[in-house]
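Provided below are the primary sequence and the corresponding predicted coordinates.
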Amino acid sequence: MTKVSKNIILKLDNLNKYFGGVPAVKDISFSINQRELVGLIGPNGAGKTTIFNLITGVYFPDSGHINFQGEDITSLKTYEVIRKNIARTFQNIRLFPRSTALENVMVAMQQHHACSFGEAITHFGRWGKKEREIKLKSMDILDKMGLAKRADQPARTLPYGIQRRLEIARALALDPEFLLLDEPAAGMNPEEVNELNHLIVDIHKELKITILVIEHHMDLVMEICPHIICMNFGTKIAEGNPDEIQRHPEVLKAYLGVEVDE
Amino acid sequence: MDILLQQIINGLSLGSVYALIAVGYSLVYSILMFSNFAHGGFLVIGGYICYFALKSMGTGIWIAGFLSLLGAGISAVLTEKLAYKPIRENTNNTLYLLIASVGMSIVIENIFVVTVGGRFRALPPIIPTQPVNLFGLATTSAFDLLSLVAAVFFLGVLQILLIKTKWGLAIRAAAYDLKTAAFMGVNVNLLISIVFFIAGTLAAVGGIFLSVRYTLYPQLGAITIKAFVAAVIGGLGSLPGAVIGSVLLGLAEMLTAGFISSQLRDLVVFSLLIITLLFRPQGLFGKNISEKV
Amino acid sequence: MSGYTDGIIILLCINSIAAMGVSLLTGFTGIFSLGHAGYMAVGAYTAAILTFQYEVNFILAILLGGAMAAILGYVIGVPTLKLVGDYYAIVSIGLGEAIRLLLENGGTITRGARGYPGIPPYTTLTIALCFFVIMAFLMFNLINSRFGRAFKACRDDYIAASLLGYNTSKYRILSLVLSAFYCGISGALLGGFLSFIQPIMFDMIKSTELTAVVVFGGLGSMTGTLIGALIITLITELFRPISQYRMLIYGAILVIIMIIRPEGVMGQHEFGPKLLKVLKRKFLRGNFSKEGGES
């Protein structure tokens, strides 16, 4: 197991978010260290995706702070947050449906390979070189994710599991330091979840990035996340390693009635 | 003071006509979530049916009016069935409906240009327009009062329909969430037809009054852009909003025309639109729909 | 080459330039506008006044016409582009009309509703073709670059785009400014071709014409836009005798295309090797069940 650095990469401080009087997130505080692989679990409606939306600037919190790598990013706009090297995937896949798999990745990849407007409209100067770089590196990522064969297929024609992978590939093309995965295993059968497990662990090991995973599937989270945070009704009800979480009375209470994949 | 009161009444009268149009437009928007740019076409159809009924068939105003409303309502339903239904069954993208509605508005307008010609026609003077003295405070025309009364009447009927009838309930449910209403057993296609019929009839009433006010010509439907603006100011999808927005707009227009300049009327209308969209884009009563991420 | 043919080609160039501008905004960035004739008007009047009153060199005048339109696009765009879909469409109608009204009431500067005659006829066949070729070159390059991909991302899913680090507002404004520039140039060339311009030439009918061209050719295909401009300009000329039916035909085209083939003639494809690949795949895959069922 790689030694986790003691530096805190993300710190949530007493975050509150209300939607018309209903608290979606209430007094949430937790911190994540560099290069950790953390799981965020909880029943439907617990506020997990809201946390992602707060971190990435889709919503602004009603109170509280979000600190990323020592910087307060609470009031940053979405694209500003992403430019701090944070990337995310979505609960409902948000690929560009009519663009090909390759194009989807290129849209992300080109963020780090800019050329000027003048070069873009004339195709002079660095344009050619940059385009080749973008294309090559995008194919590279697709290849690593086993999607190279699908490069020219429109995203909306791809099988569901492949689409999920593509979304992760696209997020990785941003070369993030912090990756947020929102229910990456949704709708997958146990075999696919297993594959996904390996994928996430591989990404974590090879790219040495911090990953925060929202998941419903217990078998994914318990197996690969040494650090788990559990939420319910907008608040944090437990935090610890898989053993502690599995035995925690609040967690069991929250999940009673929900089938447990064993 | 005299002029002020005069223009206020003018504004209310104009606003009431806008309200008839804006409410129908907003009703369609609340169900289908798209702006039916062809709405003005229903107005024109109503106007022409009334004109020809009065002129060529020689009927009285009541029958002409009835035919006009019926005709416009049916045209609206036909438009929906022929042009919009195939598109909305194919795709969720309302942009296509929007573009089709722009096309339909052009088609309807130009059918009239091509068949009956684009010249201005004055409606036979069936609707009284003589001056009426209001409690000694101001003089207004009977026409203004009548259009106000007609608007209140028809909107009142609509309100009763929405609140007291089964279909009214279905419409309100569908306005809230069309898909769920369908799950609850509402015949969505029939509901949409009913909504379009209502929108068409309301537009026809407005069309008749506008024809008297401005004379009848194929491009009269273009005036609905102001009703659209009113609906947006009041909040797209909100019926009370459409009414209030219309009244505000009518007043603003008339007060500008009366006290500043008639040329600037339209500019004032669009300025109000811009201001609303900049500072309160959902309008006065509109629902704030944010996308779920 | 007779003068008549020359005229048609010039008109084609003029319409194509404006159409490319609208295509960038509507087809590629997903912003539906019904007021773009207003930008043509700004370009036309700017160039007309500069060449007629101040005897400015016509090429400079044309470019300044485009620039004025672009600046106006920026000024209008910044506050209004955050509006979504239908709202922006209504605003765009209003803006187009407002520009026309201002021109009609512009007193001695714009000569009002009667029109502005006596514009030096600077739009020759050569000039029109040169402008067309250069502007088409730049546009095709643009959409085939990172900017093109960025515009399309903003169009297809602006939330996803912003979550990939794109400042979607900036791209929307850029798209509007460029499209306004193109329409401005087109308008300026039109003035130099007809030697006469009138505010009514740039009304909602003209705006709808531009939109019809883009929709017909295919939202998201620049090649389609040019094909659309070609076909519609030719139809307009051929059917000049029955021009009263012209608008009826435009309207019908819009409706029919939305029903039968909303993606237009070219869909989202451009003409080129990729298109052949796609056609081949479609043809071959025709016998097999649609992919997406396999796991």
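Structure received. Numbers count the residues shown, from 1 in each chain, chains lettered A, B, ... in the order given.

check which helix or strand covers residue 128.
Using chain A here. helix A:127-144 (DSSP states H and E).

if you could check chain C rather than the one you did, that'd help
Counting by DSSP H and E, the element that carries residue C:128 is helix C:125-143.

can you tell me if the following helix or strand past that helix touches chain B.
Next along the chain after helix C:125-143, taking DSSP H and E as the criterion, comes helix C:146-156. No - no part of helix C:146-156 sits near chain B under the criterion CB under 8 Å from any CB of the partner chain; the closest distance found is 10.1 Å. Any C-beta I mention is one placed from the backbone N, CA and C, and that applies to glycine too.

right, is helix C:146-156 up against chain A?
Yes - using CB under 8 Å from any CB, helix C:146-156 reaches chain A at C:146, C:147, C:149, C:150, C:152, C:153, C:156.

now do the fourth one, the pLDDT please.
It refers to residue C:150. Per-residue pLDDT puts residue C:150 at 94.

quick check: closest non-adjacent residue to it.
Excluding its sequence neighbours, the residue lying closest to residue C:150 (CB to CB, 6 or more residues apart in numbering or on different chains) is residue C:171, at 5.3 Å.

next, count neighbours for the one you found.
Residue C:171 has 21 neighbours, counted by other CB atoms under 10 Å in any protein chain shown.

with residue C:268 instead?
Around residue C:268 sit 18 other residues, with neighbours defined as other CB under 10 Å.

and the next element down the chain from the helix holding residue A:128?
Moving toward the C-terminus from helix A:127-144, the next element (DSSP H and E) is helix A:160-173.

from the contact counts, what lies against that next one?
When contacts are defined as 3 or more CB pairs under 8 Å, 6 or more residues apart in numbering or on different chains; DSSP states H and E, helix A:160-173 packs onto strand A:86-88, helix A:101-109, helix A:127-144, strand A:178-182, helix A:190-207.

distance from the chain centre to that helix, please.
Taking CA atoms, centre = their mean, to the nearest Å, the mean C-alpha location of helix A:160-173 is offset from the chain mean by 11 Å.

for burial, what's the neighbour tally of residue C:74?
One way to gauge burial is a neighbour count; for residue C:74, by other CB under 10 Å, it gives 15.

okay but it is in contact with residue C:172, surely?
No - counting by CB atoms under 8 Å, residue C:74 does not reach residue C:172; the two are 11.4 Å apart.

identify each buried residue in the helix ranked longest in chain C, please.
In terms of residue count, the longest helix belonging to chain C (DSSP state H) is helix C:168-194. The neighbour-count check on helix C:168-194 (16 or more other CB atoms under 10 Å in any protein chain shown) flags C:168-169, C:171-194 as buried.

which strands and helices sit next to it?
Helices and strands touching helix C:168-194, by 3+ CB pairs under 8 Å, 6+ apart, are helix C:3-22, helix C:37-52, helix C:58-80, helix C:125-143, helix C:146-156, helix C:158-162, strand C:196-197.

which one, of those, ends up nearest to residue A:191?
In this view, those are compared for proximity to residue A:191 by CB to CB, and helix C:158-162 is the closest at 28.2 Å.

run the chain-centre distance for that closest one.
25 Å.

buried residues in it?
Judged by neighbour count (16+ other CB under 10 Å), helix C:158-162 contains these buried residues: C:158, C:160, C:161, C:162.

surely the third one and residue C:149 touch.
No - counting by CB under 8 Å, residue C:161 does not reach residue C:149; the two are 10.0 Å apart.

common neighbours of these two, please.
Residues touching both residue C:161 and residue C:149 (CB atoms under 8 Å, 6 or more residues apart in numbering or on different chains) are residue A:107.

re earlier: of the helices and strands packed on helix A:160-173, which is nearest chain C?
Nearest to chain C among the helices and strands packed on helix A:160-173 is helix A:101-109 (5.0 Å), distances taken as CB to the nearest CB.

what sits up against the closest one?
Counting contacts by CB under 8 Å, 6+ apart, the residues touching helix A:101-109 from outside are A:87, A:95-96, A:99, A:134-135, A:137-139, A:141-142, A:147, A:150-153, A:155, A:158, A:166, A:169-171, A:173-174, C:149-150, C:152-153, C:161, C:164.

which residues of the stretch 1-150 of chain C lie near chain A?
Selection of the stretch 1-150 of chain C residues close to chain A by CB under 8 Å from any CB yields C:138, C:139, C:141, C:142, C:144, C:145, C:146, C:147, C:149, C:150.

6 Å instead, please
Applying CB under 6 Å from any CB of the partner chain, one finds that the stretch 1-150 of chain C approaches chain A through C:138, C:141, C:142, C:145, C:146, C:147, C:149.

can you list contacts of stretch C:270-277?
Stretch C:270-277 is touched from outside by C:221, C:223, C:269, with contacts defined as CB atoms under 6 Å, 6 or more residues apart in numbering or on different chains.

helix or strand: which one has the second one?
Which is residue C:223. The secondary structure element spanning residue C:223 is helix C:222-238 (assigned by DSSP H and E).

so what's the gap between that helix and the chain middle?
Relative to the mean C-alpha coordinate of its chain, helix C:222-238 is positioned 12 Å out (CA atoms, centre = their mean).

any part of that helix near chain A?
No - judged by CB under 6 Å from any CB, helix C:222-238 and chain A are separated, with a smallest distance of 13.1 Å.

give me the mean pLDDT for that helix.
For helix C:222-238, the mean per-residue pLDDT is 89.

next, count neighbours for residue B:11.
23.

next: the one 5 residues further on.
Residues within reach of residue B:16, counting by other CB under 10 Å, total 24.

before we move on, what about residue C:71?
Here the count is done by other CB under 10 Å, and residue C:71 has 15 residues near it.

tell me the pLDDT at it?
pLDDT recorded at residue C:71 is 96.

now it: how far from chain B?
To chain B, residue C:71 is 18 Å away according to CB to the nearest CB, to the nearest Å.

what's near enough to touch residue C:216?
C:228, C:253, C:257, C:264.

hmm, the first one is touching residue C:213, no?
The reference is to residue C:228. Yes - taking CB atoms under 6 Å as the definition, residue C:228 is a contact partner of residue C:213 at 4.2 Å.

what is the nearest of the buried residues of helix C:158-162 to residue C:113?
For the buried residues of helix C:158-162, the closest approach to residue C:113 (CB to CB) belongs to residue C:158, at 39.8 Å.

that closest one against residue C:169, yeah?
No - between residue C:158 and residue C:169 there is no contact under CB under 6 Å: 9.4 Å.

pLDDT for the buried residues of helix C:158-162 - can I get that in a markdown table?
Below are those laid out as a markdown table (pLDDT from 0 to 100):
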| residue | pLDDT |
| --- | --- |
| C:158 | 89 |
| C:160 | 93 |
| C:161 | 94 |
| C:162 | 93 |
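
could I get those in CSV, plus columns for distance to residue A:224?
CSV is the format used below for the buried residues of helix C:158-162 (distance: CB to CB, whole Å):
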residue, distance to residue A:224
C:158, 33
C:160, 26
C:161, 30
C:162, 29
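
and these near chain A, which?
Intersecting these with the surroundings of chain A, defined as CB under 6 Å from any CB, gives C:160, C:162.

tell me the one of the buried residues of helix C:158-162 nearest residue C:282?
For the buried residues of helix C:158-162, the residue nearest residue C:282 by CB to CB is residue C:160; the value is 26.7 Å.

what about residue C:273, neighbour count?
Using other CB under 10 Å, residue C:273 is surrounded by 8 other residues.
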